[in-house]
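J.: Here is a sequence with its predicted model. Questions after.
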Amino acid sequence: MLVKTFGSAVYGIQAITITIEVNIAAGTKYFIVGLPDIAVKESYFRIESALKNCGYKMPRQQVVVNMAPADIRKEGSAYDLTIATGILAASGQVQDTELDKYLIMGELSLDGSLQPIKGALPIAIQARKDGFKGFILPVQNAREAAIVNDIEVYGVESIKQVVDFFNGDGNLKPTVVNTRDEFFDSLSNYDSDFSDVRGQENIKRALEIAAAGGHNVILIGPPGAGKTMLARRLPSILPPLSLHESLETTKIHSVAGKLSATDSLVTVRPFRSPHHTISDVALVGGGGNPQPGEISLAHNGVLFLDELPEFKRSALEVMRQPLEERRVTISRAKFTVDYPSSFMLVASMNPCPCGYYNHPEKECICPPGVVQKYLSKISGPLLDRIDLHVEVTPVNFNELASDRLAEKSELIRDRVIKAREVQQERFGNKPDLHANAQMSPQMVRDICKISTAGQALLKKAMEKLGLSARAYDRILKVARTIADLAGSEEILLEHLAEAIHFRSLDREGWAG
């Protein structure tokens, strides 16, 4: 008897429906075809044990399982439930009248219980697009998939519940999530706030500019000056995620298996802080079975690289192209996948190995030339892609002990949102542009016009600092953001001067 069930394969952050054809005929062997990997081939042993332990029979005839389309590689253990349901239906233990209306996915344990899968959200989106009535999957992934409207999502704990459901004996109820309520209830729910930070007003100003224009920023200062504390609070002043951004971010985290059983939507901007021992592949994504890297998990949020010079140079250099294109492409011999990676890069570093170069009170003990060697770990092309270079100085005792309340993140975020609204109006006919940092060189020339006095100031700065053409564009973008925060239609001299000020690593006095 031939029976068809339906599963799904995830490539990048998109899903493709897979048809599982099960045929039982005279014979004794079990065959699985259609380009399965080792994990799929091993499903026979999990399925046999699960069926036996749940009181069902594994057919002692020839079982042929075909996974179509056969030219796409099938990977992972999430097809266990799809195949097992097909085998039960082909052997007459499950009614097959409703099977073609449901997409079924899940990894089986030997006792018949189900383990969570990856990519439930993009699979649910594709299932709705393909016209399926419902989606049956492990209960741990039910809330994640249920944010997709117009499709019934059933979370199950074991294969027995699936069998009872198709035989009409069960009482499964679909999981319901009100997407908009879920989204708005937890929007901008951050644990940390800028009001916790004493002093450092100039650094807060720099981070406000970075947030308003989507600019990359590097914080340079001695240990204990507050670099990490400030960086961790940056997401709290970014504009709240839109529903579209939230869904896109959730899809990436779903594919990476980063959502818990209680999660449905990612409603706050991600903040990813990988350790400096991270590999190139873990940072940008890839592997034998490609997965999103940290730069994609930080999509629509912040990627924080603490102690930047300690990262492997090769890991940092592979970020250069994604920083420009806001997308990373993973190419393999037989396929190519794209992961979005539109993130704000926030990096921090000590000015030298001992940490006290240019410190106002403590003396640097590094030998001559060591500071230059330390800073040279970060390549010029990567520094060029960072718009704001900010010196962080230690906070004095009076500021630390002060009872004066610092400005809350909410107030800063309001100014950032207003500046972003100006930019949205400016880029209204370009849906892929959301902030000044994303402007192309041609747009910079058209939008960031400066006066003759401004040209003279910028020329003098470039000659003295030896800035590149990319740094020239970055300064103009930052100046445009400062003008937007000030509500000015034109870039004034003070806006340009402040933007030039935020190029610390280009100035004399650095690099020993």
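T.: Arrived safely, thanks for sending. Keep in mind the model is a prediction, meaning the values are calculated, not measured.
J.: Let me see the contact set for the residue positioned nearest the centre of the chain.
T.: The chain has L297 as the residue nearest its centroid, 2.1 Å off, counting by CA atoms, centre = their mean. Neighbour list for L297: 252-253, 256, 258, 270, 272 [criterion: CB atoms under 8 Å, 6 or more residues apart in numbering]. Just so you know, the C-beta spots here come from the backbone N, C-alpha and C atoms, and that holds for glycine as well.
J.: can you pick the most crowded of these?
T.: Greatest neighbour count in the contacts of L297, by other CB atoms under 10 Å, goes to I252: 25 neighbours.
J.: Name the helix or strand for it, please.
T.: Using DSSP states H and E, I252 maps to helix 243-255.
J.: quick one: K258 is in a strand?
T.: No: secondary structure of K258 (DSSP: H, G, I helix; E, B strand; the rest coil): coil, not part of a strand.
J.: Other residues contacting the helix holding I252?
T.: 10, 12-13, 118-122, 125, 144, 147, 179-180, 183, 241, 259, 264-267, 270, 291-292, 296-297, 299-301, 339-340.
J.: Other residues contacting the next helix or strand after it?
T.: Sequence order places strand 271-272 as the next helix or strand after helix 243-255, per DSSP H and E. By CB under 8 Å, 6+ apart, the surrounding residues in contact with strand 271-272 are 232, 234-235, 294, 297-298, 301-304, 343.
J.: One more: stretch 104-111?
T.: 5-8, 43, 46-47, 49-50, 53-54, 76-82, 84-85, 114-117, 120, 123, 135-138, 156, 158-159, 162.
J.: Go through the residues you listed and flag which are in strands.
T.: Residues of these located in strands (DSSP state E): 5-8, 114-115, 135-138, 156.
J.: Which two among these are spaced furthest apart?
T.: Maximum pairwise distance in those, criterion CB to CB, is 19.8 Å, between F6 and Q115.
J.: which of these two has more neighbours?
T.: F6 (22 against 16).
J.: nearest residue to the more buried one other than its sequence neighbours?
T.: In this structure, F6 finds its nearest non-sequential neighbour in L103, 4.9 Å apart by CB to CB, 6 or more residues apart in numbering.
J.: which SS state does the closest residue to D306 other than its chain neighbours fall under?
T.: Nearest residue to D306 in three dimensions, chain neighbours excluded: S348, at 5.3 Å (CB to CB, 6+ apart). Using three-state DSSP, the secondary structure recorded for S348 is strand.
J.: ok, S348 to H501 distance?
T.: Separation of S348 from H501 (CB to CB, to the nearest Å) stands at 19 Å.
J.: Comparing these two, which shows the higher neighbour count?
T.: Set S348 next to H501 and count neighbours by other CB under 10 Å: S348 wins out with 22 against 17.
J.: Name every strand pairing with the lengthiest strand in the chain and say which way it goes.
T.: Ranked by residue count, the top strand of the chain under DSSP E comes out as strand 14-25. Applying DSSP bridges, strand 14-25 is found paired with strand 2-11 (antiparallel), strand 62-68 (antiparallel).
J.: roughly how far is it from the heart of the chain?
T.: Distance of strand 14-25 from the chain centroid (CA atoms, centre = their mean, to the nearest Å) equals 30 Å.
J.: May I see the buried residues of it?
T.: Neighbour-count burial for strand 14-25, counted by 16 or more other CB atoms under 10 Å, picks out 14-15, 17-24.
J.: Now tell me what touches that strand from outside.
T.: So strand 14-25 is contacted by 1-10, 59, 61-69, 72, 74, 79, 82-83, 86-87, 89-91, 103, 119, 122-123, 125-127, 130 (CB under 8 Å, 6+ apart).
J.: Tell me where the model's unsure across the protein.
T.: In the predicted model of the chain, residues 186-188, 397, 400-401, 504-512 satisfy pLDDT under 70.
J.: mind running it again at 50?
T.: Counting by pLDDT under 50, the chain has low-confidence residues at 508-512.
J.: And stretch 425-436, end to end?
T.: End-to-end distance for stretch 425-436, by CA to CA, to the nearest Å: 12 Å.
J.: and if you look at stretch 100-113?
T.: 23 Å.
J.: circling back to that earlier point, quick one, which of the strands paired with strand 14-25 is packed in tightest?
T.: Sort those by mean neighbour count, taking mean count of other CB atoms under 10 Å, and strand 2-11 sits at the top with a mean of 22.
J.: Check the offset of that strand from the chain's centre.
T.: 27 Å.
J.: cool, and stretch 150-157?
T.: Averaging C-alpha positions (CA atoms, centre = their mean) puts stretch 150-157 26 Å from its chain's average.
J.: For the host helix or strand of T329, which helices and strands make contact with it?
T.: In this structure, T329 is located in strand 327-331 according to DSSP H and E. The contact analysis (3 or more CB pairs under 8 Å, 6 or more residues apart in numbering; DSSP states H and E) places strand 327-331 against strand 285-286, strand 336-340.
J.: what would these look like in CSV with distance to G213 and mean neighbour count?
T.: Output for those, formatted as CSV (distance: least, CB to CB, whole Å; neighbours: other CB atoms under 10 Å):
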stretch, distance to G213, mean neighbour count
strand 285-286, 26, 24
strand 336-340, 19, 19
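J.: Select, out of those strands, the one closest to N171.
T.: Taking those one by one with CB to CB, strand 336-340 is closest: 40.0 Å.
J.: Listing partners with orientation, what would you give for that closest one?
T.: Sheet pairing for strand 336-340, using DSSP bridges, gives strand 327-331 (antiparallel).
J.: what comes up buried for the strand it pairs with?
T.: Per 16+ other CB under 10 Å, strand 327-331 contains these buried residues: 328, 330.
J.: Please put the alpha-carbon coordinates of it into PDB.
T.: Output of strand 327-331 as PDB, limited to C-alpha atoms (Å, rounded to 0.1, in the frame of the first residue of the first chain):
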ATOM      1  CA  ARG A 327      23.800  39.800   4.300                       C
ATOM      2  CA  VAL A 328      26.100  36.800   4.400                       C
ATOM      3  CA  THR A 329      26.100  34.200   1.700                       C
ATOM      4  CA  ILE A 330      27.200  30.600   2.500                       C
ATOM      5  CA  SER A 331      28.200  28.700  -0.700                       C
END
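J.: Relative to the whole chain's centre, how far out is that strand?
T.: The answer for strand 327-331 is 14 Å, by CA atoms, centre = their mean.
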